[in-house]
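1. Coordinates for the following, if possible.
(2 chains)
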Amino acid sequence: MTAPQLATSATLRDGAFLDRVNPVSKIIAMVILSVPLIATIDWVSAAVAVTIELVLLPLCGLALGPLLRRAAPLALFAPIAGISMLLYAEPEGRVYAQFLLATVSDGSIALAVAVTLRVFALGLPTILLFSRVDATELADALAQVARLPARFVLGVVAGVRLLGLFVDDWRSMGLARRARGVADVGVIRRFFSMAFLLLVFAVRRGSKLATAMEARGFGARPTRTWARSSSVSMWDGVFLVGCAGVMVTALGAAIAAGTFRFVGS
Amino acid sequence: MTGGARITATGWGWRHAGRKRSAVADITLDVEAGERILLLGASGSGKSTLLAGLAGLLGGEEDGEQTGALAIDGLDARAARGRVGLVLQDPDAAPVFSRVGDDVAFGCENLEVPREEIWRRVRRSLDAVGLAVPLDRSTSELSGGEKQRLALAGVLAMEPDVVLLDEPTANLDPAGVADVRRAIEDAVVPTGATLVVVEHRTEVWLDLITRVIVLDAGGGLLADGSPEHVFAIAGDALAAAGVWVPGVPMALPLAGPPRVGAPTTALAAIDLSIGRPGAGVIRRGVDLRVPEATSTVVVGPNGAGKSTLALTLAGLLPERSGLVTVSEQLRARRGRRPSQWSSRELLTRIGTVFQDPEHQFLASTVRDELAIGPRALKLGESEATARVDELLDILGLTDLARANPFTLSGGQKRRLSVGTVLASRPAVIILDEPTFGQDRVSWTRLVGLLQDLVGEGSTVVSVTHDAGVVLHLGQQVVTVDAPVVPDGDRVAA
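-> Numbering: from 1, shown residues only, chains lettered A, B, ... in the order given. Model (predicted):
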């Protein structure tokens, strides 16, 4: 077994189609799958996009359970966006109810449905594409395929690792405040003083990490090598054409159904 | 392997930007390739700064000001970065990547080592330090000793000519200390690399090193030579400067047996299960009795749950099952279970000194920090001031009363964190690793203070790895074993 295979084995467990696609292609796919849906607003295109994406779920290597868990925030946020459209969108067509500034009309109902579906259509690709991408793999791709500066990419990856330590810091600070007799009153003030202190810890841990990286020769040479390779293959092309196909189908369906509409028109 | 490199310093010094005093001054040294140096000196004598300088980490004009020259094989240390590997004191701060293999590879990548060679070196250095874990093991799942050996493997993979170790065993339990020491002996010594170790605990390294260099806090060197020679001529001066010199006894009484007569129980755990919030239970069925006016010491390996136990006994974490209870005398309005008390009730009953003193600092000056407890107890201003003044004196912090707690040295921070607890005069004091990172002077002062408190009738519980604490404070010693590790593939070295 060669070393690079060994290093990526953690992420390539079941070998779903999507695992063969480079993370950078996934980022491009995100743009393809979201920009048309941000620029337009109708229920047909979003519904078609969501349906196709769900049908393609097996290719993503994500089981239904984790998908539903990760989509839960969408289920919370989508109705909120929908209801605010329902009540406050520009009145259009028949008016059903009116209360102060709120008006429910044909236009606002259509818009509410379109916006609710759109939240799903915009959120779902992120979940499907990035649930199985780990930080190291993403860093390798950003540096080797997208050619972003190593300093930026590795700084971010290493920084992400520190987040767990901040959680520990926060807990310890909370316990220490109880131990010091100041935890009975002033919850809000205590929150802000702890938040400020966490910032201090964050800066220190950050600079410690920077020292640790430099101590291992980071930035000592103008270039560096990469222990794991990251490259694009024909699968990336197939994948991106497929993503474009999903969007063409979704917008085509909207035009055919006569519901196609740009935002603001 | 390339063998070692020669280190030369000529009148070298470094002043950090914004400081009046130099951190290190006037260092003149000549270390031959392959020598193994123990670098000593009192707190604040600039050992870490010298290591940073050797590692080429002290940068340009905006970082500070350099005098003299510091060279690795004749090359300026800053230009030699990559030929020198530094293992930092805090193993938690060291891993860059989340997987073991990737992390060891990091240094090689930076030195433009070809990919196939990187993975050969990764496996070779993990072998050399005896870390037999899969390459995709998460770095956060390693124990303290394993993390430190990981850091060492990361440096070895760079095949450096000079290896620098900044207190590599300070955070470790005795087993971890032995593992790291063995790893260095097996992995670094055969390469012929020049080795520089900074460590307060000299006895760990004594038979591995060839030369001892002692920095003078006032600049220059205090002593330089073979271990026997240096300890013979400068042993007492070193001990007075805070170095743990082998064979110099501590000027403190031993703990001795508990007081005669069966003292009442101040604090007890009955069939207790403990765990951090949001995590699983890590120990069950803990039964423990803490006698009043006695010093109890809790020992056990890293990861055994000692800190969690301390926090649970202190009423800061709720019992997961079972009970923590106090004597009738300490009963509060809400009963005898510390976890049920209000924060203010806790204050006069059980005080806790945290592992990291910085977590418990709240004020912007040392004086205000000490006054927080008395104020929370609504003592009068004159009473509060009197207590604070007395504590400043006992802790030796009077001159620093107006300093920001975060700017103190490690030893001063530790004493202040103990002081914040003493200010509210709790009946029971619980300390988590109180002597961690302390030099000999600071250690003696702290342990002496705790002995005095016990003599005056306080109940003290210390969680520790430190054999000295057991010796001088262990009137009762409680051993907590490592819990059974649930996943079977964890490999002990």
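2. so what's A:V153 up against?
-> Applying C-beta atoms under 8 Å, 6 or more residues apart in numbering or on different chains to A:V153 gives the contacts A:139, A:142-143. Every residue, glycine included, has its C-beta placed from N, CA and C.
3. Show residues contacting stretch B:58-72.
-> So stretch B:58-72 is contacted by B:5-17, B:19, B:22-23, B:25-28, B:49, B:52-54, B:76-78, B:80, B:83-84, B:161-162 (C-beta under 8 Å, 6+ apart).
4. Please repeat the previous calculation with a cut-off of 6 Å.
-> By C-beta atoms under 6 Å, 6 or more residues apart in numbering or on different chains, the surrounding residues in contact with stretch B:58-72 are B:5, B:8-17, B:52-53, B:77, B:80.
5. Please list only the buried members of those.
-> Neighbour-count burial (16 or more other C-beta atoms under 10 Å in any protein chain shown) applied to the contacts of stretch B:58-72 gives B:5, B:8-9, B:12-15, B:52-53, B:77, B:80.
6. Dump those to a markdown table, plus pLDDT and distance to chain A.
-> Formatted as a markdown table, those follow (pLDDT from 0 to 100; distance: C-beta to the nearest C-beta, whole Å):
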| residue | pLDDT | distance to chain A |
| --- | --- | --- |
| B:A5 | 92 | 15 |
| B:T8 | 94 | 20 |
| B:A9 | 94 | 19 |
| B:W12 | 94 | 19 |
| B:G13 | 92 | 20 |
| B:W14 | 92 | 15 |
| B:R15 | 89 | 18 |
| B:A52 | 91 | 8 |
| B:G53 | 93 | 12 |
| B:A77 | 91 | 12 |
| B:A80 | 89 | 9 |
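7. Flag the helix or strand of chain B with the lowest per-element mean pLDDT.
-> helix B:227-240 (a mean of 85; mean pLDDT, DSSP states H and E).
8. Could you export that one as CSV, CA atoms only?
-> C-alpha atoms of helix B:227-240 as CSV (Å, rounded to 0.1, in the frame of the first residue of the first chain):
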residue,chain,number,x,y,z
PRO,B,227,27.0,17.9,35.3
GLU,B,228,29.2,16.9,38.3
HIS,B,229,31.3,20.0,38.0
VAL,B,230,28.4,22.5,37.6
PHE,B,231,26.4,21.0,40.5
ALA,B,232,29.4,20.9,42.7
ILE,B,233,30.4,24.5,42.2
ALA,B,234,27.0,26.0,41.7
GLY,B,235,24.5,23.6,43.3
ASP,B,236,23.4,25.8,46.1
ALA,B,237,23.2,28.9,43.9
LEU,B,238,21.2,27.0,41.4
ALA,B,239,18.8,25.7,44.1
ALA,B,240,18.4,29.2,45.4
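9. which of the residues in that helix are buried?
-> Neighbour count says helix B:227-240 has B:227, B:230-231, B:234-235, B:238-239 buried, by 16+ other C-beta under 10 Å.
10. Same question for stretch A:46-56.
-> Buried residues in stretch A:46-56 (16+ other C-beta under 10 Å): A:46-50, A:52-53.
11. Between those residues, which sits nearest chain B?
-> A:E53 (29.1 Å; C-beta to the nearest C-beta).
12. my guess is that closest one contacts A:L124, does it?
-> Yes. The pair formed by A:E53 and A:L124 meets the contact definition of C-beta atoms under 6 Å, at 5.3 Å.
13. Next, count neighbours for the residue in chain B that chain A sits nearest to.
-> Across chain B, no residue is closer to chain A than B:W119, which sits at 2.9 Å (C-beta to the nearest C-beta). Using other C-beta atoms under 10 Å in any protein chain shown, B:W119 is surrounded by 24 other residues.
14. Now the residue nearest to the spatial centre of chain A. Nearest residue, chain neighbours left out?
-> The centroid of chain A falls nearest to A:T126 when counting by C-alpha atoms, centre = their mean (4.7 Å). Once flanking residues are discounted, A:T126 sits nearest to A:M30: 6.7 Å by C-beta to C-beta, 6 or more residues apart in numbering or on different chains.
15. Ramachandran coordinates for that neighbour?
-> phi -60, psi -40 (degrees, to the nearest 10).
16. Show the pLDDT at it.
-> In the prediction, the pLDDT value recorded for A:M30 is 93.
17. so which strand or helix has B:G11?
-> Using DSSP states H and E, B:G11 falls within strand B:7-16.
18. what pairs with the very next helix or strand once past that strand, and is each one parallel or antiparallel?
-> Note on strand B:7-16: by DSSP H and E, the next helix or strand toward the C-terminus is strand B:24-31. Using DSSP bridges, strand B:24-31 pairs in its sheet with strand B:7-16 (antiparallel).
19. For A:A112, which residues are in contact?
-> By C-beta under 6 Å, 6+ apart, the neighbours of A:A112 are A:82, A:85-86.
20. low pLDDT regions in the chain?
-> All of this is about chain A. Counting by pLDDT under 70, the ranges of chain A that qualify are A:1-15, A:265.
21. My question was about chain B, not that one.
-> B:1-2, B:61, B:259-262, B:482-493.
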